[in-house]
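[1] Predicted structure and sequence below. I'll ask about it afterward.
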Amino acid sequence: MSADLAVRIGSLRLKNPVIAASGCFGYGVEYAELVDLSSLGAVVVKGLFLKAREGHPAPRIVETPAGMLNAIGLQGIGVHRFVDEKLPELRARGATVIVNVCGTTLDEYAEVSRILSDVEGVHAIELNISCPNIKEGGIQFGCSLTGTFDVVSAVRKVT
């Protein structure tokens, strides 16, 4: 007899607490031949902006005596390519998908979240509020209660 490892995050029920974290597991499909994606509690995919982003030029990772430094620059394929190219395979493999949503404006967070809430196979949205707010001189949305409230409020209105 196996133990029930199910957990709840809000209204989302996961079959177990093992979640592949955003930024560590790509879009999930890259690991599909190594891990049965349906056996995980969830896969949190790489952060998505509205449009594709190149990220920083190489070198992006530099070894130091104390470890490493990285400056990837949030490279990504954008929400539309994700929905068209990656999400169908994640659905076919039975993955529970949490999407990491990025933005540089409130409107971008809202639009990416709206797009994702309208497609089958996205189980939850994770807001990456460490992205810089370009209208406020680059401060991160999550660095203030007001910034956090504004992002969450804008997304809740469209999801």
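    Arrived safely.

[2] Tell me, please, the helix or strand in this protein that averages the lowest pLDDT.
    When the helices and strands of the chain are scored by mean pLDDT, DSSP states H and E, strand 67-70 comes last with a mean of 88.

[3] Partner strands of it, with direction?
    strand 61-64 (antiparallel) (DSSP bridges).

[4] can you tell me the average pLDDT over the strand it pairs with?
    Across strand 61-64, pLDDT averages out at 90.

[5] Stretch 111-125 now?
    Per-residue scores along stretch 111-125 average to 97.

[6] okay, how far is it across it, tip to tip?
    Start-to-end span of stretch 111-125 (C-alpha to C-alpha, to the nearest Å) is 13 Å.

[7] who touches it?
    Residues from elsewhere that reach stretch 111-125, judged by C-beta atoms under 8 Å, 6 or more residues apart in numbering: 9-10, 12, 42, 48-50, 79-80, 83, 87-88, 90-91, 96-99, 101-103, 127, 155, 158-159. Just so you know, the C-beta spots here come from the backbone N, C-alpha and C atoms, and that holds for glycine as well.

[8] Can you list the low-confidence ranges for this protein?
    1, 131-139 (pLDDT under 70).

[9] Got the phi and psi for residue 129?
    Phi and psi for residue 129, reported as degrees, to the nearest 10, are phi -90, psi 20.

[10] same for the longest helix along the chain, what does it pack against?
    What stands out as the longest helix in the chain, according to DSSP state H, is helix 145-158. Here helix 145-158 touches helix 106-117, strand 122-127, going by 3 or more C-beta pairs under 8 Å, 6 or more residues apart in numbering; DSSP states H and E.

[11] What residues does the residue nearest the centre of the chain make contact with?
    For the chain, the residue nearest the mean C-alpha position is residue 100 (1.5 Å; C-alpha atoms, centre = their mean). Counting by C-beta under 8 Å, 6+ apart, residue 100 touches 22, 23, 44, 45, 46, 47, 48, 126, 128.

[12] Pull out the buried members of these.
    22, 44, 45, 46, 47, 48, 126, 128 (16 or more other C-beta atoms under 10 Å).

[13] can you pull the buried residues of stretch 91-98?
    For stretch 91-98, by 16+ other C-beta under 10 Å, it's 95, 96, 97, 98.
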